[in-house]
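K.L.:
here you go, sequence then predicted model.
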Amino acid sequence: MNTTTISVLPAVAEALAAGQPVVALESTIISHGMPYPQNVEMATEVEAIVRANGATPATIAVLDGVCCVGLSPEQLERLGTEQGVFKATTRDLPWLVATRRTGATTVAATMRVAALAGIRVFATGGIGGVHRGAATTFDVSADLTELAVTPVAVVSAGIKSILDIRHTLERMETLGVPVVVNGSDDFPSFYSRTSGLPAPRRLDGPAELAAMLHATWNQLGMATGISIANPIPAADEIPADEIAAFIDEALRSLDEQGITGQDVTPFLLKRVVEGTGGRSLVANLALVRNNAATAAQIAVEYAKLLG
Ligand code: PSU
Ligand code: MN
């Protein structure tokens, strides 16, 4: 790998070389998923939580055409404040690298770069999925197709109900992506611990989850990603029926304003934060913290199985 294409922060490279646990973190959530300054505070705090749980954090972004694995505080600030940072999914990586541009990576692109660097565990807030109305718009996140082909375990709080959760789960089944819920029989819907849909499979705690990572890649030789849904802590949850009205309002203004393509998810996230007067942002921050801790604990247990 040409060093001008991918740059791994020394602390991350050392941990990887020593077989120590590393957790990847995405950057679309910083540049396009939350307002400033909460986005930069969140990114900084989440790295500290990963460390406190025994792993090394590696926030991923493309900066001036270089795929960066692990960022400095200045680089995090830049992603949280700079205008014109592209939202980068997998198909955008070659263009950003070739033109030396700057992009914040989605779950899909973060998985791809994490895998290039040898990182197997990744924490985020929510993954993308099948959008409501996808039968006519064809709008299905590349996060799902990336999960099918890239061996990284993604810890999220499930899928926001701005998406079609039932059809997202169907799609992941078709793509052969293992989906497991941590500690619950219900599939969570980001702000809520439930979605009205059952967990496809359930495991309880980091050791059991790490055993499934090991089974997937090391025992069965599968090359897929793994979707780990980690329900928001009960104290932080917004019940599904309370958030539903705000999500419906966001979807209505999406239609009215004719927003399509890559702008859909950032637009909806912003509208829900505005609609709830910031309450959804508080829940969002809480679930990201929770996912970072769980992901670090899984990475620690998985490293033991490999060591
Ligand atoms: N869902 C959230 N918050 C987010 C995202 C999704 O609750 O910030 C971001 C993630 O980076 C995810 C991306 O990978 O949006 C999906 O975008 P799209 O639907 O355009 O694939
Ligand atoms: Mn889309």
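P.N.:
Here it is on my side, so go on. Numbering: from 1, shown residues only. Ligands and ions are numbered 1, 2, ... in the order given.

K.L.:
would you map out the domains in this protein?
P.N.:
1-119, 122-307 (automatic domain parsing).

K.L.:
switch those over to CSV; also include mean pLDDT and mean neighbour count.
P.N.:
For every residue, glycine as well, the C-beta is placed using N, CA and C. Converted to CSV, the domains of the chain look like this (pLDDT from 0 to 100; neighbours: other C-beta atoms under 10 Å):
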stretch, mean pLDDT, mean neighbour count
domain 1-119, 96, 20
domain 122-307, 97, 19
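
K.L.:
mind putting these into CSV with distance to ligand 1?
P.N.:
Shown next, in CSV, are those (distance: least, C-beta to the nearest ligand atom, whole Å):
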stretch, distance to ligand 1
domain 1-119, 3
domain 122-307, 3
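
K.L.:
what's the first-to-last distance across stretch 175-194?
P.N.:
Taking C-alpha to C-alpha, to the nearest Å, the first and last residues of stretch 175-194 lie 23 Å apart.

K.L.:
any idea how far that stretch is from the chain center?
P.N.:
14 Å (C-alpha atoms, centre = their mean, to the nearest Å).

K.L.:
which parts of the stretch 101-250 of the chain are strands?
P.N.:
103-105, 121-123, 153-156, 179-182, 202-203, 226-229 (DSSP state E, counting those that start in this stretch).

K.L.:
direction included, what does the shortest one pair against?
P.N.:
For strand 202-203, the paired strands and their directions (DSSP bridges) read strand 179-182 (parallel).

K.L.:
that older thread, can I get the strands of the stretch 101-250 of the chain in CSV with distance to residue 43?
P.N.:
Putting the strands of the stretch 101-250 of the chain into CSV (distance: least, C-beta to C-beta, whole Å) gives the following:
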stretch, distance to residue 43
strand 103-105, 11
strand 121-123, 12
strand 153-156, 16
strand 179-182, 23
strand 202-203, 28
strand 226-229, 21
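
K.L.:
mind checking these for the one nearest to residue 51?
P.N.:
With C-beta to C-beta as the measure, strand 121-123 is the member of the strands of the stretch 101-250 of the chain nearest residue 51 (12.6 Å).

K.L.:
which strands or helices does the closest one pack on?
P.N.:
The contact analysis (3 or more C-beta pairs under 8 Å, 6 or more residues apart in numbering; DSSP states H and E) places strand 121-123 against strand 22-25, helix 107-117, strand 153-156, helix 279-306.

K.L.:
list the contacts of the spatially most central residue of the chain.
P.N.:
The centre of the chain sits closest to residue 124, judged by C-alpha atoms, centre = their mean, with a distance of 3.2 Å. By C-beta atoms under 8 Å, 6 or more residues apart in numbering, the contact list for residue 124 reads 25-26, 29, 107, 110, 154-156, 288, 291.

K.L.:
and stretch 70-89, how far apart are its ends?
P.N.:
Using C-alpha to C-alpha, the two ends of stretch 70-89 sit 18 Å apart.

K.L.:
off-centre distance for it?
P.N.:
With C-alpha atoms, centre = their mean, you get 16 Å for stretch 70-89.
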